[in-house]
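Novice: I would like to see how this sequence folds:
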Amino acid sequence: MPGLLYLLALCNLVIGTGAFVIGGILAPIGASLGVSVAAVGQAMTVYAVSTAVLAPMALVLTGHWPRKRALWFGMAVFGVGNLLCALAASLPWLLAGRALMGVGAMFTPVAAGIAVALVEPARRGRALSLVFLGVSLSYVIGLPLGAWFGFRFGWQWPVAIVGAASLLSCAALLVLAPADIAAPGASFKGLPQLLAQRAVLWALSLTLLYFIAIFVVFSYIGPVLQALQPMSNERLSFTLMLFGVSGVVGTLVGGWAIDRFSATRTLTLQLLVLGSMMALVPLTQGSYAQLLAVFMVWGIAGFGMMTPQQSRLAVLAPAHAPILLSLNTSMLYFGTALGAALGGGNSGGTMGGLGGLGGLIGALTQGGLGNAANSWVSRGQNLPVSPDQITQALGGSGADSILAQLAQQMGVAQGVGARQARQLCVEVLEAEREPE
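Specialist: Sure, this is the predicted structure:
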């Protein structure tokens, strides 16, 4: 494989980490900014919409640029957006930084177009899987490390580190990438005729629906895992890392399977496996081993999907590969945005609303997981304090101490204010008093 593809994979590692790291640290971000988990989750939505709408525009506007310049421009914009997020003292500034990051995410379709152009068709699947391997590795390296840093030192640290890594990647591209990369730029020319093809529309629609289903849950992956099986912050980070390992395996297997069995057959098997894992998720409540096994198989099937989809689109219209790959990325992020919005709308809107988390997960499996989240609150033996203690604490400063104990068990950030402490205690108390 051309050496440039390895550099692009490393850059995609940074892109993937920056895009999704906040999914594991929503609670400390919300506590710091004084907003709910559901509100912070919409930062995923803003990033997704920006990537889906603004990134293709930036891709076309830079289509006549040398590919090297387009690559480092995308990384530079992504890095500045991350640094703006790290400095944000309010939710609007955080959302503004995420929108800027979405523009910089034009890097990924540019890199995919280069991968398609630099190798012969027989090796296209493996070339694409190599470039997208960086995104999968972000779940192994970036997400768990980001969650650990976020809970240990403050959520700003992982976001700032991603910003710095983006700017370092930009410098690496300036120094190491060849000046004359032989790959076409994107253009809207001929796009209406292209979208009139039924095969193209079906392929793009599949990407949209697929990622809606996944990101209803994944945008809130930290709270969702806690709702299914309460765990420490360290175990949560470890679980996210293992989920990322499954994504790496899925990406590599997906690229190998395309070149061996065809993109269509690979996609069919992946969708069957993914649907089966979704059906099994409600049965993992209370069992960490079962939860881990189901989500790892989910990760193998889920992360392996992007490479065959990209390869399929490139085969449908090789001359229009850059814009088609960009549109596929747009569908991915429209699906991410809609999934995050649906998840946020069902999450109850408060940091302690674990009953609402049942609605969040239930959006994926028609309510089958709702009982998993609700039962976390209703099972008195799993609470670190009793309802009577909460009742007493509501009358004084003890609510903060009660919250600290609850937060440790639920994986929520420490040190939020008394108002949030009281609200959480009230919700837990109300849930405990609900009749069977």
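Novice: Quick check: Leu130 touching Tyr6?
Specialist: Yes. Leu130 is within contact range of Tyr6, at 7.2 Å (criterion: CB atoms under 8 Å). C-beta here means a position set from N, CA and C on the backbone, and glycine is covered the same way.
Novice: now the helices: where do they sit in the stretch 101-250 of the chain?
Specialist: With helices called from DSSP state H, counting those that start in this stretch, the stretch 101-250 of the chain shows them at 107-118, 124-137, 143-153, 156-176, 191-195, 198-218, 221-228, 233-261.
Novice: mind checking which of those is nearest Ala340?
Specialist: Across these, Ala340 has its closest neighbour in helix 198-218 (5.6 Å, CB to CB).
Novice: List the contacts of that closest one.
Specialist: Residues outside helix 198-218 that contact it (CB atoms under 8 Å, 6 or more residues apart in numbering): 20, 23, 44, 48, 194-195, 224, 267, 271, 278, 302, 305, 309, 312-313, 316-317, 324, 327-328, 331-336, 338-340, 342-343, 360-361, 363-364.
Novice: how much does that helix deviate in direction from helix 233-261?
Specialist: Put simply, helix 198-218 runs at 160 degrees to helix 233-261, going by axes from the mean of the first three to the mean of the last three CA atoms, to 10 degrees.
Novice: Can you pull out the low-pLDDT segments for this structure?
Specialist: 219, 319, 343-436 (pLDDT under 70).
Novice: The same query, at a cut-off of 50, please.
Specialist: Across the chain, the ranges flagged by pLDDT under 50 are 348-387, 390, 393-400, 402-418, 421, 432, 436.
Novice: which secondary structure element contains Leu272?
Specialist: helix 263-280 (DSSP states H and E).
Novice: Hmm, Pro109 is touching Ala58, no?
Specialist: No. Judged on CB under 8 Å, Pro109 makes no contact with Ala58 at a distance of 10.1 Å.
Novice: quick one: which of those two has more around it?
Specialist: Neighbours were tallied for Pro109 and for Ala58 using other CB atoms under 10 Å; the higher tally belongs to Pro109 (27 against 23).
Novice: how is this protein carved up into domains?
Specialist: What automatic domain parsing lists as the domains of the chain is 3-345, 379-433.
Novice: Point out the most buried one among those.
Specialist: Stretch with highest mean neighbour count among the domains of the chain: domain 3-345 (a mean of 21; mean count of other CB atoms under 10 Å).
Novice: Now do the contacts for Phe188.
Specialist: Val60, Ile323 are the contacts of Phe188 under CB under 8 Å, 6+ apart.
Novice: which strands and helices sit next to the helix or strand hosting Pro92?
Specialist: Using DSSP H and E, the element containing Pro92 is helix 91-104. Applying 3 or more CB pairs under 8 Å, 6 or more residues apart in numbering; DSSP states H and E, one finds that helix 91-104 contacts helix 3-20, helix 26-33, helix 37-61, helix 67-86.
Novice: got CSV for those, with distance to Val159 too?
Specialist: Below are the helices and strands packed on helix 91-104 laid out as CSV (distance: least, CB to CB, whole Å):
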stretch, distance to Val159
helix 3-20, 8
helix 26-33, 9
helix 37-61, 10
helix 67-86, 4
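Novice: Show me the one of those helices that comes nearest Leu236.
Specialist: Among these, the nearest to Leu236 by CB to CB is helix 26-33 (10.6 Å).
Novice: Return the distance of the helix holding Pro92 from the chain's centre.
Specialist: 15 Å (CA atoms, centre = their mean, to the nearest Å).
Novice: Next: stretch 111-127.
Specialist: The answer for stretch 111-127 is 25 Å, by CA atoms, centre = their mean.
Novice: How about stretch 129-146?
Specialist: On CA atoms, centre = their mean, the centre of stretch 129-146 falls 11 Å from that of its chain.
Novice: Output that stretch as CSV, restricted to C-alpha atoms.
Specialist: Coordinates of each C-alpha in stretch 129-146 appear next as CSV, following Å, rounded to 0.1, in the frame of the first residue of the first chain:
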residue,chain,number,x,y,z
SER,A,129,-10.1,-0.1,5.1
LEU,A,130,-6.6,1.1,5.8
VAL,A,131,-7.6,4.8,5.6
PHE,A,132,-10.7,4.2,7.8
LEU,A,133,-8.7,2.1,10.2
GLY,A,134,-7.8,5.4,11.9
VAL,A,135,-11.4,6.1,12.7
SER,A,136,-11.8,2.6,14.2
LEU,A,137,-8.6,3.0,16.2
SER,A,138,-10.1,6.2,17.7
TYR,A,139,-12.5,4.0,19.6
VAL,A,140,-9.6,1.8,21.0
ILE,A,141,-7.3,4.7,21.8
GLY,A,142,-9.1,8.0,21.7
LEU,A,143,-12.4,7.2,23.4
PRO,A,144,-11.2,5.3,26.5
LEU,A,145,-8.2,7.6,27.0
GLY,A,146,-10.5,10.6,26.5
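Novice: My read is that Val297 contacts Ser246, right?
Specialist: Yes. Using CB under 8 Å, Val297 makes contact with Ser246 at a distance of 7.2 Å.
Novice: can you tell me which of the helices and strands packed on helix 91-104 comes nearest to Ser287?
Specialist: Judging those by CB to CB, what sits closest to Ser287 is helix 26-33, at 23.5 Å.
Novice: Which other helices and strands does that closest one contact?
Specialist: helix 37-61, helix 91-104, helix 143-153, helix 221-228.
Novice: Return the distance of the nearest residue to Ala182 once chain neighbours are set aside relative to Gly254.
Specialist: Spatially, and ignoring its direct neighbours in sequence, Ala182 is nearest to Ala117 (6.3 Å; CB to CB, 6 or more residues apart in numbering). To Gly254, Ala117 is 20 Å away according to CB to CB, to the nearest Å.
Novice: hang on, the earlier thing: can you list the helices of the stretch 101-250 of the chain in CSV and add distance to Leu91?
Specialist: Converted to CSV, the helices of the stretch 101-250 of the chain look like this (distance: least, CB to CB, whole Å):
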stretch, distance to Leu91
helix 107-118, 26
helix 124-137, 26
helix 143-153, 17
helix 156-176, 14
helix 191-195, 36
helix 198-218, 20
helix 221-228, 18
helix 233-261, 23
